[in-house]
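Undergrad: Pasting a predicted model and its sequence here:
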Amino acid sequence: MEKVGMIDDEKTDTVSYHFKSTYYTNAERSNGLTGDEEIVLPHFILLGILLQTARDTPAGLALIDKAIDPIFNGQKSLYFKTTPNQILFDGILLNCTSRKVAPKAVCAILQTKGAELGIQKAGDNIFKVSIFGHRNGTANKNRMEVLRGSEDAQDVGKVTKFNGKDKLSFWAGEECNTIQGTDSTIFPPLQKKEDDVVFFAGDLCRSLRLTYTGEDVELKGVRGGRHDTSFAILANDTASRCWCPKSGCLERGALDMSNCLGVPMIFTSPHFYEGSETYLNRIEGLNPNKEDHGIYMDMEPITGAIFDVRLRIQFNMFVYDMKKVQVTRNLTTKPFLHPLFWLQSSVDITEELLEPIKMLYTVLKVAKIIKYIMLIGGFAIMGFGGFLVFLANQNKVKDVVQNTVRKMDFNGHSSEHKMDPNDPSSKY
């Protein structure tokens, strides 16, 4: 990921930019998988169209039903066979060559939302939709404005505007629409490990807050504190209930992303980790656990460097029998939350990037040693100075005694008079 189209503003001490992401296949970490393995899951493009129509214009479901066969190439079920590569990059095909009224009308609507939904042209009246294909190697549509921290290092990276606005409009209340934290690529230095880690995630249209777990971590000599969260917290972390849509709050651990993404998608932690048992119990084969499905971030507090991150998100959609639609006829009439897939965004810092932090540790360690050396040296000098003062005082006492003896001699005492230290009468 890189920042492109950067513009500095000296007056406001800010810089604005777009993120640009480029995705590569890492064969070494794919465990022999190629991405072309066949999988079966709900046709999320078709399901998204059905859910949005059912929510906004239920009468239009009959029209959609007539358009399914020509647009989705004879799709007879809500489930379909595909591959991870098609979902993520290559795209699911939409056939808009039919001149019939229903498919033509639906395709016209889809094309008007092409940019918003990531629909790409694949041929004459043939289109494709994928999760990352339209974004791979291109600048993200969202534009960030962040503080540079020239005047105050604690402000570095803090997001001030998102797409030109200092407030969001996706959520139901001011608290949820407030932009907080950095852009996630940089954090202020000189933090306490107990401090919350807060960053703004543009793709999620919101800020995320991770709290210190009490666990200290170390990676190749770099030490920091672990901070974590889950969608059970992210979706229910405010008494104002402003994360909830107008239709009402979802159950624990589910966040409605419809207003942000433009499609009726629900985000949860993978396997509904820490989410409602209502969702978990409807799906077989799930095994939620913190190690595999939690969200965490490890921060080195002196530099503010992040050296280990796991951001995990499960994409879900509600599924149920919509009556007027043939592909849903065998489903239950009561909606249930159906997992589609889940993604993990990771940061594994390299040895090369760790070196500057290790060097800083060395400098701080040397400075600490020098501090103690100077402290010990200071005490030694003070002690030696005190010893010299003591010797000087001893010499003064000796001189006084000798002068006193001479004075006594001068007044008629014998020059052979000897002072007996054990005789009280001989002391002066």
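TA: Looks like it arrived, so ask away.

Undergrad: wait, Leu94 sits on Phe127?
TA: Yes. Counting by Cβ atoms under 8 Å, Leu94 does reach Phe127; the two are 4.5 Å apart. Backbone N, C-alpha and C define where each C-beta goes, glycine included.

Undergrad: Name the residues contacting each of the two.
TA: 110, 119 (Cβ atoms under 8 Å, 6 or more residues apart in numbering).

Undergrad: Tyr296 touches Asp228, doesn't it?
TA: Yes. With contact defined as Cβ under 8 Å, Tyr296 reaches Asp228; the gap is 4.1 Å.

Undergrad: Between the two ends of stretch 246-258, what distance do you get?
TA: 11 Å (Cα to Cα, to the nearest Å).

Undergrad: please renumber so the chain begins at 36
TA: Taking 36 as the first residue, the last one we looked at is stretch 281-293.

Undergrad: buried stuff in that stretch?
TA: Within stretch 281-293, the residues that qualify as buried are 285, 287-293, counting by 16 or more other Cβ atoms under 10 Å.

Undergrad: JSON lines for these, including secondary structure?
TA: Below are these laid out as JSON lines (DSSP: H, G, I helix; E, B strand; the rest coil):
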{"residue": "Leu285", "secondary structure": "coil"}
{"residue": "Arg287", "secondary structure": "coil"}
{"residue": "Gly288", "secondary structure": "coil"}
{"residue": "Ala289", "secondary structure": "coil"}
{"residue": "Leu290", "secondary structure": "strand"}
{"residue": "Asp291", "secondary structure": "strand"}
{"residue": "Met292", "secondary structure": "coil"}
{"residue": "Ser293", "secondary structure": "helix"}
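
Undergrad: Rebuild these as CSV, extending it with distance to Asn175 and pLDDT.
TA: Formatted as CSV, these follow (distance: Cβ to Cβ, whole Å; pLDDT from 0 to 100):
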residue, distance to Asn175, pLDDT
Leu285, 27, 90
Arg287, 31, 90
Gly288, 27, 91
Ala289, 25, 93
Leu290, 21, 92
Asp291, 22, 93
Met292, 17, 93
Ser293, 20, 91
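
Undergrad: Tell me which two in the residues you listed are the farthest apart.
TA: Arg287 and Ser293 (18.6 Å; Cβ to Cβ).

Undergrad: which of the buried residues of stretch 281-293 lies closest to His373?
TA: Among the buried residues of stretch 281-293, and counting by Cβ to Cβ, the member closest to His373 is Ala289, at 12.1 Å.

Undergrad: For the stretch 36-185 of the chain, just list every one of the helices.
TA: Applying DSSP state H, counting those that start in this stretch to the stretch 36-185 of the chain gives helices spanning 79-91, 96-106, 119-120, 136-147, 149-152.

Undergrad: In terms of secondary structure, what does the second one contact?
TA: Spelled out, that is helix 96-106. Helices and strands touching helix 96-106, as assessed by 3 or more Cβ pairs under 8 Å, 6 or more residues apart in numbering; DSSP states H and E, comprise helix 79-91, strand 127-130, helix 136-147.
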